[in-house]
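Asker: Predicted coordinates and the sequence they were generated for:
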Amino acid sequence: MNRLGLVTFVAREYDEAIGFFVGKLDFELVEDTDMGDGKRWVVVAPASGASLLIARAVTDGEKASVGNQAGGRVAFFLNTDNFDRDYANWSARGVKFREHPRHEAYGTVAVFEDLYGAPWDLIQSA
C-alpha cells in the first residue's frame, strides 16, 4: 500500500522546532537520532496522519525557505476531531491565530502560524 509517510519541515534549529510541535501542538517526538556532524534525524507526529521530518537548514537556499516553505500559502493542514478544544488549548499556549474560527462548507477552520510565521490550517470537517 502506498501512503505519504514523512513530510520535510525545514527549521532553523532542531530543538526550537521540537519545542513548538511537541510543546504547543501536542505532537509526539517519534525519533531523535544523532547522525553525526550536527545532523539529527528528528521525526514528530500528530496522533494520526503523516509525520514531519524536521530538517535543519544549512545552505543559504535552505535558510531562505524557513518560514516560507510554500511561498506564503498554507502548506500544512491539521485535521482535528474537536476544533474548540484545540483552538482554546493552542491559543492559551501562545499559538498565533491569524483569524477567528470560520465555518465553511467543508468544516470549521482557522489559519494559525508555526514558529516561523508560516500559515497552517486547523480544520474540523463538517
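Answerer: Structure's in. What do you need?
Asker: partners of the lengthiest strand in the chain in the sheet?
Answerer: Assignment by DSSP state E gives strand 28-36 as the longest strand of the chain. Paired neighbours of strand 28-36 in the sheet (DSSP bridges): strand 39-45 (antiparallel).
Asker: what helix or strand is residue 88 on?
Answerer: Assigned by DSSP states H and E, residue 88 belongs to helix 83-92.
Asker: Show me what stretch 70-87 is in contact with.
Answerer: Here stretch 70-87 makes contact (Cβ atoms under 8 Å, 6 or more residues apart in numbering) with 7, 25, 46, 49, 69, 97, 101, 107-108, 110-111, 114, 118-125. Yep, even glycine has a C-beta here, placed from its N, CA and C like the rest.
Asker: List the ones among those residues that fall in strands.
Answerer: Short answer: the contacts of stretch 70-87 in strands (DSSP E) are 7, 107, 108, 110, 111, 119, 120, 121, 122, 123, 124, 125.
Asker: how is the protein carved up into domains?
Answerer: 1-58, 74-126 (automatic domain parsing).
Asker: Tabulate the ones you listed (JSON lines), appending mean pLDDT.
Answerer: Shown next, in JSON lines, are those (pLDDT from 0 to 100):
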{"stretch": "domain 1-58", "mean pLDDT": "94"}
{"stretch": "domain 74-126", "mean pLDDT": "97"}
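Asker: Weed out the non-buried ones from the ones in strands among the contacts of stretch 70-87.
Answerer: Using 16 or more other Cβ atoms under 10 Å as the burial test, the ones in strands among the contacts of stretch 70-87 include 108, 110, 119, 120, 122, 123, 124 as buried.
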